[in-house]
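**Student:** Kindly return the folded structure for what I paste below:
(one chain, ligands or ions: 2)
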Amino acid sequence: MGFPVFDPSRIGSEYATPPSYQAPSSYHSHSFDRHSAPTPSMTHPAPDPPASDTPAADPPPPPPLGRPHRVTRPPPCGTGVTFIHAATDSSFTVSRNWTKKFKLPNSGTAEPEISNSSTPLPLHTGICLKSIEMKAWGIFLLLLCLQAFADAVIGQSQTCPADENASKCDEWEGEFFPGVDKIKYEGPSSKNPLSFKWYNAEEEILGKKMKDWFRFSVAFWHTFRGTGADPFGAPTKYWPWEDGTNSLQMAKRRMRANFEFINKLGVDWWCFHDRDIAPDGETLEKANANLDEVVALAKELQTKGKKKVLWGTAQLFMHPRYMHGAATSSELGAYAYAAAQVKKAIEVTHHLGGENYVFWGGREVSSDVQARFFEAAVAYKKKIGFNGTLLIEPKPQEPTKHQYDWDAATTANFLRKYGLIGEFKLNIECNHATLSGHSCHHELETARINGLLGNIDANTGDPQVGWDTDQFLVDIQEATMIMLSVIRNGGIAPGGFNFDAKLRRESTDVEDLFIAHIIGMDTMARGLRNAAKLIEDGTLSELVRKRYQSFDTEIGAQIEAGKADFDFLEKKAKEWGEPKVASAKQELAEMILHSVL
Ligand code: XUL
Ligand code: CO
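**Tutor:** Ligands and ions are numbered 1, 2, ... in the order given. Below you'll find the predicted structure:
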């Protein structure tokens, strides 16, 4: 369908990615009012003038960068528009009692003016009248000829038309981002927004290629399911390849877009939730079958492009069945369903050669049964021979509170308490770190010194906004501190840097997807370069060494070895008298840090 279904369940969601889940059809109003009207597809206007059966539209603007050259065709003749209901595989029909008129500016956002007028479209309706059926056939044949002529002259359409006739798109191998070439390193003086200024994949820093320090990954949910919706506003992004459905066909097309994107960006890894990549199903069996179908395509595409899964995960927070949590739900059935979903998600992650598997307990609380859930996951992982690392991603109070995974320290304590410390590592997300009142560096260091640093969800929050805004991290100083931890850890493989980050609501061009990842990668690359300079220069570590040098003595060694009891220390305190406490030189440390930024 050319007309996306606007899902009202997304309004008010603090999780601003679109739910793969769509509520049973009874949840939806079958007629649209101004607040739940279908949003017009943002596919590019057709090169041809609108045919007589199309609603009035403004003349098409020139195609902006990365946008396709085809338009969603108007709905086929008929008295209604059929919307495929992804979750139930059923379909329902709404009467076309709305008119639409939208203008496409030179960006991914349309300016829809959707009215709820019950006046039928005179032209469109007229062409469907039986009396002119023969005429319609004539026009249809004429249009076919014109299309063939246009294809011959202009060349094959490069992009997948987002309309109901697009089943061929399953096999489609053209470009989703036709205006974007492979992103190259051009150096800091480049003014080309679609180039790397600091990230040079093959360049060696401290004996390791940049690409191996980072192992960058694209987060499918933000990049391909992000809509720009926030707790107060409807979606703002309508990518040209989207047809507004949550169909299997759409899922496959999106997967092709994902691989073109990561190929062009020069990233080797990607991450997903089960329900981001494939539509949910009426039953677990149907959901699993949907997942299998999309995963088969993903496997084919990633083998072709030599790409890999950094981590997979199960979406255990969006569906209403998880409203009380999943592994800590008060409802036994929800616990079992969550287990079945995780079982399947581990299987497909394994099938895709995933190197890690993540647990983010969005709606969980602290409970013994959470540990039982994890024990079962460990047992299943071993049973099927999945050697990837299991990661827990700490996050405080959003959406629930009193969580077992509030921050790195709380999670480490949980793992120790239940004897799971050797089975899991942590996925530290920078925006989660600040939500828990820490810096990202603090969380990374807490994980590192506990031997738990497994992966980084590279993003950042807004200091003036209180929620998880999941922005691309662009603070060079923060990136430098992050990379100091990563270097001290000797890298984070088999983990990596997953861009759990989304475009701002206001960024709506397709090319913004590239620009955002490029600045995210460049910022981390600057962080790596700076951290390497700091380490090679040695001034900062010398300052730290001097600060603690009183411990570089025989008695200091005795203390560190646990051989200095209180009687002994009291004797020394009396002998030495009042200690001379030296300056920390805190500002000097900051000055040294700034010297490499
Ligand atoms: C939520 C979050 C998730 C996890 C995976 O805040 O970060 O996207 O990374 O479920
Ligand atoms: Co995350």
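**Student:** interface residues of this structure facing ligand 1?
**Tutor:** Within the chain, the residues that sit near ligand 1 (C-beta under 6 Å from any ligand atom) are 273, 313, 358, 360, 393, 395, 429, 457, 468, 500. For every residue, glycine as well, the C-beta is placed using N, CA and C.
**Student:** closest to ligand 1 among these?
**Tutor:** Closest approach to ligand 1 among those (C-beta to the nearest ligand atom): Trp360, at 3.6 Å.
**Student:** quick one: pLDDT of the closest one?
**Tutor:** On pLDDT, Trp360 comes in at 97.
**Student:** which one is it nearest to, not counting chain neighbours?
**Tutor:** Using C-beta to C-beta, 6 or more residues apart in numbering and skipping the chain neighbours, the partner closest in space to Trp360 is Glu393 (4.2 Å).
**Student:** Just to check, the one you found is in contact with Leu426?
**Tutor:** Yes: contact criterion C-beta atoms under 8 Å: Glu393 and Leu426 qualify, at 7.3 Å.
**Student:** Which one of the two is surrounded by more residues?
**Tutor:** Each of Glu393 and Leu426 has its neighbours counted (other C-beta atoms under 10 Å); Leu426 has more, 28 against 23.
**Student:** tell me the SS of the more buried one?
**Tutor:** Secondary structure, DSSP: H, G, I helix; E, B strand; the rest coil: Leu426 is strand.
**Student:** if we can go back for a sec, report the separation between the residue nearest to Trp360 and Glu260.
**Tutor:** Noted for Glu393: a distance of 28 Å to Glu260, by C-beta to C-beta, to the nearest Å.
**Student:** for the chain, what are the low-confidence residue spans?
**Tutor:** 1-174 (pLDDT under 70).
**Student:** Name the next helix or strand following the biggest helix by length in it along the chain.
**Tutor:** Across the chain, the longest stretch assigned as helix under DSSP state H is helix 510-537. Using DSSP states H and E, the helix or strand that follows helix 510-537 in sequence is helix 539-547.
**Student:** List the buried residues of that following helix.
**Tutor:** Leu540 (16 or more other C-beta atoms under 10 Å).
**Student:** Need the residues that contact it.
**Tutor:** Helix 539-547 is contacted from outside by 534-535, 552, 582, 584-585, 588-589, 592-593, using C-beta atoms under 8 Å, 6 or more residues apart in numbering.
**Student:** so the residue sitting furthest away from the middle of the chain is in which element?
**Tutor:** Most distant from the centre of the chain: Glu575, at 60.7 Å, with distances by C-alpha atoms, centre = their mean. Using DSSP H and E, the element containing Glu575 is helix 566-576.
**Student:** starting at the chain centroid, how far to that helix?
**Tutor:** The chain centroid and the centroid of helix 566-576 are separated by 57 Å under C-alpha atoms, centre = their mean, to the nearest Å.
**Student:** And stretch 368-384, by the same measure?
**Tutor:** Computed by C-alpha atoms, centre = their mean, the separation of stretch 368-384 from the middle of its chain amounts to 26 Å.
**Student:** Now do the buried residues in it.
**Tutor:** Using 16+ other C-beta under 10 Å as the test for burial, stretch 368-384 gives 370-371, 373-374, 377, 381.
**Student:** before we move on, what about stretch 457-473?
**Tutor:** Across stretch 457-473, burial judged by 16+ other C-beta under 10 Å covers 457-461, 468-473.
**Student:** Now those in JSON lines, please, with extra columns for secondary structure.
**Tutor:** Below are these laid out as JSON lines (three-state DSSP):
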{"residue": "Asp457", "secondary structure": "strand"}
{"residue": "Ala458", "secondary structure": "coil"}
{"residue": "Asn459", "secondary structure": "coil"}
{"residue": "Thr460", "secondary structure": "strand"}
{"residue": "Gly461", "secondary structure": "coil"}
{"residue": "Asp468", "secondary structure": "coil"}
{"residue": "Thr469", "secondary structure": "coil"}
{"residue": "Asp470", "secondary structure": "coil"}
{"residue": "Gln471", "secondary structure": "strand"}
{"residue": "Phe472", "secondary structure": "coil"}
{"residue": "Leu473", "secondary structure": "coil"}
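**Student:** a markdown table for those residues, including distance to ligand 2?
**Tutor:** Output for those, formatted as a markdown table (distance: C-beta to the ion, whole Å):
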| residue | distance to ligand 2 |
| --- | --- |
| Asp457 | 4 |
| Ala458 | 9 |
| Asn459 | 7 |
| Thr460 | 12 |
| Gly461 | 12 |
| Asp468 | 9 |
| Thr469 | 12 |
| Asp470 | 8 |
| Gln471 | 13 |
| Phe472 | 13 |
| Leu473 | 13 |
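**Student:** Who are the packing partners of the one helix or strand Leu415 maps to?
**Tutor:** Here Leu415 is covered by helix 408-417, with elements defined by DSSP H and E. Counting contacts by 3 or more C-beta pairs under 8 Å, 6 or more residues apart in numbering; DSSP states H and E, helix 408-417 is packed against helix 368-383, strand 424-429, helix 440-449.
**Student:** Could you identify the helix or strand that succeeds the first one?
**Tutor:** When you say that, I think you mean helix 368-383. strand 389-392.
**Student:** Quickly run through the sheet partners of that following strand, with directions.
**Tutor:** Note on strand 389-392: by DSSP bridges, its sheet partners are strand 356-359 (parallel), strand 424-429 (parallel).
**Student:** Could I get the full set of helices for the stretch 101-250 of the chain?
**Tutor:** Secondary structure of the stretch 101-250 of the chain (DSSP state H, counting those that start in this stretch): helices at 122-127, 133-154, 210-214, 220-225, 248-265.
**Student:** What residues does the stretch 451-597 of the chain have near ligand 2?
**Tutor:** 457, 500 (C-beta under 5 Å from the ion).
**Student:** quick one on the thing from earlier: please, a PyMOL command that selects the buried ones among the contacts of helix 539-547?
**Tutor:** Only the buried entries of the contacts of helix 539-547 go into this PyMOL selection, using 16+ other C-beta under 10 Å:
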select buried, resi 534+535+592+593
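**Student:** And Asn387, how far from Ala377?
**Tutor:** Applying C-beta to C-beta, the value for Asn387 to Ala377 is 14 Å.
**Student:** Enumerate the beta-bridge partners assigned to the residue of the stretch 151-300 of the chain found nearest ligand 2.
**Tutor:** Distances between the stretch 151-300 of the chain and ligand 2 by C-beta to the ion are smallest at Ala219, namely 7.6 Å. With DSSP bridges applied, Ala219 shows beta-bridge pairing to Cys271.
**Student:** Noted, bye for now.
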